[in-house]
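Engineer: got a predicted model here, sequence first, then my questions.
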Amino acid sequence: MQPELERELIRKCKAGDTRFYEPLVRAYEPSGLRLAVAMMGNTEDAQDALQEAFIKTYDTLHRFDLRRPFGPWFFQILRNQCRDMLRSRKAKFRMEFHGVEFEEQLEQQPADAERGPERLRQRNDARATLWQGLERIGPEHREILVLKELEGFRYGEIAQILEIPEGTVASRLFHARHALREALRDMKAEYP
Amino acid sequence: MSAHRVSPDDLMRYLDGELPPEERARVDAALAGSTELQREIAIYRALKSEFQELSFHPADRYTSVWDRVNARVTRPIGWMLVVAGGVAWMSYGVYVFATSASDPWEKLATGAIAIGILILFASVIWERYQEWLRDPYRDVHR
């Protein structure tokens, strides 16, 4: 979404017109879901966290500085929501659906010369292994990996979202990647 | 140049394209002279690449959260309208009752608003009670 359009939508939302919040929700829902799933481990809890984060974001829009980008601000709220839920008794990180999803992909994609079923299965196995590795590392490692690798945030934006100095982002990323690498090694995974 | 002269933090910044050109050149030179460093960077690149291909989106089963969000964010507006309307009617009713003999339809309209408000309050109290039942911190003593 164009920054100017985004600012205009937020301006209208701040004025109390909730209709203009829908494009923002639709725009940030896929990336928000990725972060939430990575932190919560399953779609159900991720959806709950995402919903609450969007509501909290709307409720605090009056405090939002229009000169700053909306994305990092929203992700900060979402990340805090996920952490709150993980601290609660109900939502514990639990992995789900990924194996099923990979199987569905196998059925949906016909075999061809370059992407035969065996190759696809190997890739899916590798992804499943990676998911299991993610399960073994802490949420603080998962969140920074998702923000960097999936959402493609720059270090400055990650620092803002995680509320840490920019200088420590590289260090946090190193520890997260190292932890994942060690987890995969412990699993005897031939990966990467 | 040995691998030891490239810190883990600089290695991450190099991997993520966050190093300024002169620092990047320094790491490039270190990489050229160290197979150990080349191996390290290759592993992290492979991990990064595979991670970026992870699928998180179960499209078949996923439904947008917008409807639920919309229901929650528009609720305050509904409340404000109800309260404003209620206050207006109450004021009018009080005025009418105070200045003239009351008509039956006015009593009915006023009574309907009062009952509506009572129902809404009851529904909120019920919802809060349900939330309290699900509150993971309710047993935490401050």
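Structural biologist: Everything's here; your move.

Engineer: by mean pLDDT, which helix or strand of chain A comes out lowest?
Structural biologist: In chain A, the helix or strand scored least confidently by mean pLDDT, DSSP states H and E is helix A:98-108, which has a mean of 41.

Engineer: ok, the residue nearest the centre of chain A - contacts?
Structural biologist: By C-alpha atoms, centre = their mean, chain A has its centre lying nearest to residue A:35, at 1.2 Å. Contact analysis of residue A:35 by C-beta atoms under 8 Å, 6 or more residues apart in numbering or on different chains lists A:75, A:78-79, A:82, A:143, A:146-147, A:150-151. Glycine gets a C-beta too; all of them are placed from N, C-alpha and C.

Engineer: what does residue A:163 give?
Structural biologist: When contacts are counted by C-beta under 8 Å, 6+ apart, residue A:163 touches residue A:76.

Engineer: that one and chain B: what is the separation?
Structural biologist: 19 Å (C-beta to the nearest C-beta, to the nearest Å).

Engineer: show the backbone phi and psi for that residue.
Structural biologist: phi 60, psi 50 (degrees, to the nearest 10).

Engineer: ok, residue B:41 touching residue B:30?
Structural biologist: No: with contacts counted by C-beta atoms under 8 Å, residue B:41 stays clear of residue B:30, the gap being 10.0 Å.

Engineer: list, one by one, the residues from chain B near chain A.
Structural biologist: Applying C-beta under 8 Å from any C-beta of the partner chain, one finds that chain B approaches chain A through B:8-13, B:16, B:18, B:43-44, B:46-58, B:60-62, B:64-66, B:68-70, B:72-74, B:77, B:134, B:136-137.

Engineer: are any of these buried, and if so which?
Structural biologist: When those are checked for burial by 16 or more other C-beta atoms under 10 Å in any protein chain shown, the buried set is B:9-13, B:16, B:18, B:44, B:47-48, B:50-51, B:54, B:56, B:58, B:64-66, B:68-70, B:72-73.

Engineer: from the residues you listed, which land in strands?
Structural biologist: Among these, no member falls in strands (DSSP state E).

Engineer: mind telling me what element residue 83 is part of?
Structural biologist: Assuming you mean chain A. helix A:70-87 (DSSP states H and E).

Engineer: look at chain B instead
Structural biologist: Judged by DSSP H and E, residue B:83 forms part of helix B:66-99.

Engineer: what helices or strands is whichever helix or strand comes after that helix leaning on?
Structural biologist: With elements assigned by DSSP H and E, the helix or strand that comes after helix B:66-99 is helix B:104-134. Here helix B:104-134 touches helix B:66-99, going by 3 or more C-beta pairs under 8 Å, 6 or more residues apart in numbering or on different chains; DSSP states H and E.

Engineer: give me the mean pLDDT for the helix it packs on.
Structural biologist: Mean pLDDT, helix B:66-99: 82.

Engineer: helices or strands next to that helix in the packing?
Structural biologist: Secondary structure elements in contact with helix B:66-99, counted by 3+ C-beta pairs under 8 Å, 6+ apart, are helix A:21-40, helix A:43-59, helix B:104-134.

Engineer: how about those helices in CSV, adding distance to residue A:164 and mean pLDDT?
Structural biologist: Shown next, in CSV, are the helices and strands packed on helix B:66-99 (distance: least, C-beta to C-beta, whole Å; pLDDT from 0 to 100):
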stretch, distance to residue A:164, mean pLDDT
helix A:21-40, 16, 90
helix A:43-59, 19, 92
helix B:104-134, 32, 86
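
Engineer: dump those to CSV, plus distance to residue A:169.
Structural biologist: Supplementary listing: those in CSV, determined by distance: least, C-beta to C-beta, whole Å:
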stretch, distance to residue A:169
helix A:21-40, 16
helix A:43-59, 22
helix B:104-134, 36
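
Engineer: how about the ones you listed, which one is nearest residue A:136?
Structural biologist: helix A:21-40 (13.5 Å; C-beta to C-beta).

Engineer: dump the strand or helix carrying residue B:41 to PDB, keeping only the CA atoms.
Structural biologist: Assessed by DSSP H and E, residue B:41 sits inside helix B:35-52. Listed next in PDB are the C-alpha coordinates belonging to helix B:35-52 (Å, rounded to 0.1, in the frame of the first residue of the first chain):
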ATOM      1  CA  THR B  35      37.000 -21.300   3.500                       C
ATOM      2  CA  GLU B  36      35.700 -21.500   7.100                       C
ATOM      3  CA  LEU B  37      33.900 -18.200   6.700                       C
ATOM      4  CA  GLN B  38      32.600 -19.200   3.200                       C
ATOM      5  CA  ARG B  39      31.100 -22.300   4.700                       C
ATOM      6  CA  GLU B  40      29.500 -20.300   7.500                       C
ATOM      7  CA  ILE B  41      27.900 -17.800   5.200                       C
ATOM      8  CA  ALA B  42      26.800 -20.600   2.800                       C
ATOM      9  CA  ILE B  43      25.000 -22.300   5.700                       C
ATOM     10  CA  TYR B  44      23.200 -19.100   6.800                       C
ATOM     11  CA  ARG B  45      22.300 -18.200   3.300                       C
ATOM     12  CA  ALA B  46      20.700 -21.700   2.800                       C
ATOM     13  CA  LEU B  47      18.800 -21.300   6.000                       C
ATOM     14  CA  LYS B  48      17.700 -17.900   5.100                       C
ATOM     15  CA  SER B  49      16.600 -19.000   1.600                       C
ATOM     16  CA  GLU B  50      14.600 -22.000   3.000                       C
ATOM     17  CA  PHE B  51      13.000 -19.900   5.700                       C
ATOM     18  CA  GLN B  52      11.800 -17.400   3.100                       C
END
